[in-house]
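> Got a predicted model here, sequence first, then my questions.
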Amino acid sequence: MKALRYYGARDIRCESMDDPTIAAEGDAIIKVDRCAICGSDLHIYHGHGFSEDMGFCVGHEAVGEVVEIGRGVKRLKIGDKVMISAAVGCGACRSCIAGNVIACENNGGGCYGLSAKLQGSQAEAVRVPGADYNAQRIPAGITADQALMMTDALATAWFGAKNADIKSGATVAVVGLGPIGLMAVESAYILGAARVYALDLVPERRALAEKAGAIAVDPANAKDFIREATQGRMCDSVIEAVGGERTVDLALRLVGRRGTVSVIGVCQERRFAFPLERAFAAGLTFRIGTCSVPETWPELIPLVQSGRLKPERYISHVLPLSDGAKAYSIFDGRQDGALKMVLQP
């Protein structure tokens, strides 16, 4: 099959590799219809990956069709159209069955496309372990594009907004307006926010957030702007969707007393000078981490079916898988209004 393979910094190649095969009775093989590039894939693209492996297939966002199943698969059948959770678990323990694959009790947790251990989904096909719980039939009323966004990006945005303790009437800030940050803006309003300040270095992305109802703010003067607008109270909740030391620090400066900062950007720094004294005095809550995708689906599916969330609007490019290297370059350079990059095998 053809797949996007990683060979080092900014070296993604569309090449042939072995077709995936059933390795355990709970596995399923999915023929990929559409896959996408996530912002976290850029860490690998930049050469700051999560393993020393070379030549493995990248990517963790995909939808497709079941073409083969192991004898232990009970819920899925050949021909089903499915969305694949970016994060996987063993599919057998209590946590995984409940959708909380991050807390897999059998140490079966993982993510596609970080190493050769679990090959990625930017390919013509992918093996899904524990398929009954790590994949789900695409529900009625959900398009393939919407389902693709729910495999990670929308789920992460929703998780970040929920972790931010947003209450009715709250003032919220979102730092970083890639696809996840933009969907976090929409999620904040659904959870009851009265106003949302949207911060990003790219003016075009701030304009997109304005279309969603947010107040666009240049990060360079965000602290002073929000202090004046809130009469010194600052924000009740802040969602950080970048993962950089400077943006996390900014998020902590925008939150008010007894507020919550929710960090969902993938962080590469090993150390961070956390302002313990200020956080203690203000009674802050700080949360950071990745989401368990299947856990979000029961809430997200009706929101997408009803049209309250329209994640597909943030798909900016659709290219063939063979143009994968080009897609990474466009996305990395924020060229041509790049947001969510979708690839078709």
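Done, it's in. Numbering: from 1, shown residues only.

> The lowest-mean-pLDDT helix or strand in the chain: how far from the chain's middle?
Sorting the helices and strands of the chain by mean pLDDT, DSSP states H and E puts helix 276-282 at the bottom, at a mean of 88. Remark: helix 276-282 is offset 30 Å from the chain centroid, using C-alpha atoms, centre = their mean, to the nearest Å.

> mean confidence score for the next helix or strand after it?
Using DSSP states H and E, the helix or strand that follows helix 276-282 in sequence is strand 285-288. On average, the pLDDT along strand 285-288 is 96.

> For strand 285-288, which helices and strands make contact with it?
When contacts are defined as 3 or more C-beta pairs under 8 Å, 6 or more residues apart in numbering; DSSP states H and E, strand 285-288 sits against strand 255-263. Where C-beta positions appear, they are placed from N, C-alpha and C, glycine not excepted.

> Which strands or helices does the least confident helix or strand of the chain pack on?
Under the contact criterion of 3+ C-beta pairs under 8 Å, 6+ apart, helix 276-282 touches strand 255-263.

> what's next to the helix or strand encompassing residue 222, contact-wise?
Counting by DSSP H and E, the element that carries residue 222 is helix 222-229. Helix 222-229 is contacted by residues 173, 197, 199, 215, 217, 218, 234, 235, 250, 253, 254 when judged by C-beta atoms under 8 Å, 6 or more residues apart in numbering.

> Can you tell me the number of residues neighbouring residue 286?
18 (other C-beta atoms under 10 Å).

> I figured it hits residue 279, correct?
Yes - Residue 286 is within contact range of residue 279, at 6.7 Å (criterion: C-beta atoms under 8 Å).

> Run through the residues that contact the residue nearest to residue 98 when sequence neighbours are not counted.
Nearest residue to residue 98 in three dimensions, chain neighbours excluded: residue 295, at 7.5 Å (C-beta to C-beta, 6 or more residues apart in numbering). Contact analysis of residue 295 by C-beta under 8 Å, 6+ apart lists 98, 99, 100, 101.

> tell me the secondary structure for residue 295?
helix (DSSP: H, G, I helix; E, B strand; the rest coil).

> if I look at it, how far off is residue 14?
Residue 295 sits 33 Å away from residue 14, going by C-beta to C-beta, to the nearest Å.

> Let's test this: mean pLDDT of stretch 179-187, rounded?
On average, stretch 179-187 scores 97.

> what residue lies at the spatial centre of the chain?
In the chain, the residue lying closest to the centroid (C-alpha atoms, centre = their mean) is residue 153, at 3.1 Å.

> per-residue pLDDT, that residue?
Per-residue pLDDT puts residue 153 at 97.

> which sections of the stretch 201-345 of the chain are below the confidence cut-off?
Counting by pLDDT under 70, the stretch 201-345 of the chain contains low-confidence residues at 268-269.

> Now do the helices for it: every range, in order, please.
203-211, 222-229, 245-254, 276-282, 293-305, 324-332 (DSSP state H, counting those that start in this stretch).

> For the second one, list the C-alpha coordinates in CSV.
Presented in CSV, the C-alpha positions along helix 222-229 are these (Å, rounded to 0.1, in the frame of the first residue of the first chain):
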residue,chain,number,x,y,z
ALA,A,222,-4.0,40.9,25.0
LYS,A,223,-3.3,41.3,28.7
ASP,A,224,-3.9,45.0,28.8
PHE,A,225,-6.9,44.7,26.4
ILE,A,226,-8.7,42.1,28.5
ARG,A,227,-7.8,43.8,31.8
GLU,A,228,-9.5,47.0,30.6
ALA,A,229,-12.5,45.1,29.0
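
> quick one, strands of the stretch 1-150 of the chain?
2-6, 12-16, 28-37, 61-69, 81-84, 87-88, 110-111, 125-128, 135-137 (DSSP state E, counting those that start in this stretch).

> The third one pairs with which strands?
For strand 28-37, the pairing partners within the sheet under DSSP bridges are strand 61-69 (antiparallel), strand 125-128 (antiparallel), strand 340-344 (antiparallel).

> ok, residues contacting the shortest one?
When contacts are taken as C-beta under 8 Å, 6+ apart, the neighbours of strand 125-128 outside the stretch itself are 1, 19-23, 27-32, 57, 62, 64, 67, 84, 88, 112, 119-120, 134-135.

> Among the contacts of helix 222-229, which lie within strands?
173, 197, 199, 215, 217, 235 (DSSP state E).

> and the last one, how many neighbours does it have?
Translated: residue 235. 27.

> now swap in residue 85 and tell me
So residue 85, with other C-beta under 10 Å, has 30 neighbours.

> Residue 177 now?
28.

> Test my guess that it contacts residue 209.
Yes - contact criterion C-beta under 8 Å: residue 177 and residue 209 qualify, at 5.4 Å.

> what touches both of these two?
The contact lists of residue 177 and residue 209 share 185, 198, 200, where a contact means C-beta under 8 Å, 6+ apart.
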